[in-house]
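Novice: Predicted model, plus sequence, below.
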Amino acid sequence: MQTLTMKFGGTSVGSPEALQNVIYILQRELAKQQRLLVIVSAMGGVTDKLLKSVECAVAGDKWGYLSLNEDIREQHEDAINQLILPGSERERILNRIDRLLQEHIELCDAINILHEATPRILDAVVSLGERMSSRLVAAILRAHDMKAKAFDAGDFLITDDTFQNAQPYWDETEQRIQNQLLPVLADGTIPVITGFLGATYDGVMTTLGRGGSDYSAAIFAAYSNSDELIIWTDVDGVMTTDPRIDSRARVLPYISYQEVGELAFYGARVLHPKTVQPIVSRNIPLRVRNTFNPDAEGTLIGANGVPSATVIKAVTSIRNVSMLTVSGRGMLGVPGIAGRTFLATARSGANVLMISQASSEQSFCFTVVDEAADSVKAAVEAELSKELDRRDVESIDIWRDVVIVTVIGSGMRGTPGVAGRVFTTLGDNNINVLSIAQGSSECSISFVIDEADLEKAVTCLHDLALETVALQNGHH
């Protein structure tokens, strides 16, 4: 008997129509005798409303958070009334949602009195979205003759108390999942678990940070020894590029963990980069599928890179970045300038997205998100003030209105001339490349260009990827 862990994102549980598809998907798998473990996000839009309610409470706007509470109630009751027939099951879930909404108002009242929201209280408020949706989904499944039970992830997933970005305690989490959750699965019950949440040893709610519900799904898949993790979302799978930039974007039938990690890091809205960590070491395959098109196969993500015919699989881009250049002829013999620059950057709290250095050591450049550019420049100038005074370093400049474009494909390593084709293509289209970086994993090449050239660059490079897909699909 296979065990499948399925995670349904916010849009997948966001409306009665979407939930109808969830029922269909789960019934179909149960008919194949699968054991199912379900992780759910908050209903679409609910997390944003909860965060907004905290802002209202801090600002003393009681009417604001009460009306958001009403909005959230309507969204949940609408689904309940459409998908659960009148009777005791419906009454029970309406009461349960009502209690959680009461808790929401009490938390907002407390924030309103204090005029501030600590990370701990923020986690308590935000967790309500998942806590409501897990109860709701479990009740809907029971109303459709499936054996289901809602659980808070914090019963199993134990974390430290870094609220807003908690780190799991792996051994304890693994033990609890094996001792307390596996018997539930063995008994033929579908556990419906809150995504994105954990709890401290003392049972205080925590959240796992951005993209956390995919991450928690991977943790549950790993420790329940699932045969597959399926992330149900609102797209047909991992695409060759952003369909909003190039409408010819297609679904990739297969991609490796490493490639998907690069895609996620460089701006594709697929999976949070952290997501795949827990399942990679256990070799658990992952699928990305569309709740609204449940018959499509989606994208399979596995351990092995499968080289494709023309090597490039996908093209992604990151906007809203700035490039900083540190240059000076006197840098040549001075050791440690790059190291100190990056330490200063880290101290200012910024993440470096890409680094490029010429071998002459007379200059190097790196990119950060726009918001961080000015504070990074100030931090680096302070760190290198002596070198600037001596003119060893002549200037630290910011290039704004640039973007990073990345081409990805695991076959690049063994294939000569890929970079050549990429840059010839850009040259033929009069696109000027400001800096280039290729990781030693050689699974991707990234480069910085003017924002004005973004769509042209993505479209002409996507041509190279489409040739690939056409050939790859020919093989199957």
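Specialist: Good, I have the coordinates. Residues are numbered from 1 along each chain as shown.

Novice: Which residues outside the helix or strand containing residue 173 are in contact with it?
Specialist: Secondary structure from DSSP states H and E places residue 173 in helix 170-176. Residues outside helix 170-176 that contact it (CB atoms under 8 Å, 6 or more residues apart in numbering): 155-158, 201, 219, 223. Glycine gets a C-beta too; all of them are placed from N, C-alpha and C.

Novice: in the next helix or strand after it, what's buried?
Specialist: Following helix 170-176 in sequence order, the next helix or strand is helix 182-186 (DSSP H and E). Residues of helix 182-186 classed as buried by neighbour count (16 or more other CB atoms under 10 Å): 182, 184-185.

Novice: of those, closest to residue 240?
Specialist: The closest of the buried residues of helix 182-186 to residue 240 turns out to be residue 185 (CB to CB; 36.4 Å).

Novice: center of this protein, which residue is that?
Specialist: Ranked by distance to the mean C-alpha position of the chain (CA atoms, centre = their mean), the top residue is residue 272 at 2.6 Å.

Novice: show me what contacts it?
Specialist: Neighbours of residue 272 in contact, by CB under 8 Å, 6+ apart: 210-212, 214-215, 264.

Novice: The helix holding residue 173 - what's its average pLDDT?
Specialist: What helix 170-176 shows for mean pLDDT is 97.

Novice: Ok, stretch 63-79 next?
Specialist: On average, stretch 63-79 scores 98.

Novice: just stretch 100-117 next, same as before
Specialist: So the average pLDDT for stretch 100-117 ends up being 97.

Novice: what's in contact with it?
Specialist: 50, 53-54, 56-58, 60, 62, 65-66, 69, 72-73, 121, 124-125, 128, 131-132, 135.

Novice: dump the residue contacts of residue 188.
Specialist: Contacts of residue 188 by CB under 8 Å, 6+ apart are 35, 147.

Novice: So it lies in a strand, does it not?
Specialist: No. Going by DSSP: H, G, I helix; E, B strand; the rest coil, the assignment for residue 188 is coil, not a strand.

Novice: please begin residue numbering at 7 from this point
Specialist: I'll keep to 7 as the first residue from here, and by that count the last item is residue 194.

Novice: gap between it and residue 90?
Specialist: Using CB to CB, to the nearest Å, residue 194 is found at 21 Å from residue 90.

Novice: Surely residue 129 is in contact with residue 215?
Specialist: No. In this structure, residue 129 is not within contact of residue 215 by CB atoms under 8 Å, at 10.4 Å.

Novice: Touching both of the two, which residues are there?
Specialist: residue 170.

Novice: In terms of neighbours, single out the busier of the two.
Specialist: residue 129 (24 against 15; other CB atoms under 10 Å).

Novice: hang on, the earlier thing: now the contacts of stretch 106-123: which count as buried?
Specialist: Looking at those with 16+ other CB under 10 Å, the buried ones turn out to be 56, 59-60, 62-64, 71, 75, 78-79, 127, 130-131, 134, 137-138, 141.

Novice: Among the residues you listed, name the ones in helices.
Specialist: Secondary structure of the buried ones among the contacts of stretch 106-123 is defined by DSSP state H; positions in helices are 56, 59-60, 62-64, 71, 75, 78-79, 127, 130-131, 134, 137-138, 141.

Novice: end-to-end on stretch 8-21?
Specialist: Terminal residues of stretch 8-21 are spaced 29 Å apart (CA to CA, to the nearest Å).

Novice: any idea which helix or strand carries residue 328?
Specialist: Per DSSP H and E, residue 328 falls inside strand 320-333.

Novice: That strand pairs with which strands, and in what direction?
Specialist: Strand pairing for strand 320-333, using DSSP bridges, gives strand 369-375 (antiparallel), strand 401-414 (antiparallel).

Novice: Output that strand as CSV - backbone C-alpha positions only.
Specialist: What follows is strand 320-333, C-alpha atoms only, in CSV (Å, rounded to 0.1, in the frame of the first residue of the first chain):
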residue,chain,number,x,y,z
ALA,A,320,14.0,26.8,-18.3
VAL,A,321,14.6,30.6,-18.2
THR,A,322,13.7,32.6,-15.1
SER,A,323,14.2,36.2,-14.0
ILE,A,324,14.4,38.3,-10.9
ARG,A,325,13.3,42.0,-11.0
ASN,A,326,13.8,44.7,-8.5
VAL,A,327,17.6,44.1,-8.0
SER,A,328,20.5,46.5,-8.1
MET,A,329,24.1,45.7,-8.9
LEU,A,330,27.0,47.1,-6.9
THR,A,331,30.5,47.5,-8.4
VAL,A,332,33.6,47.8,-6.4
SER,A,333,36.5,48.9,-8.6
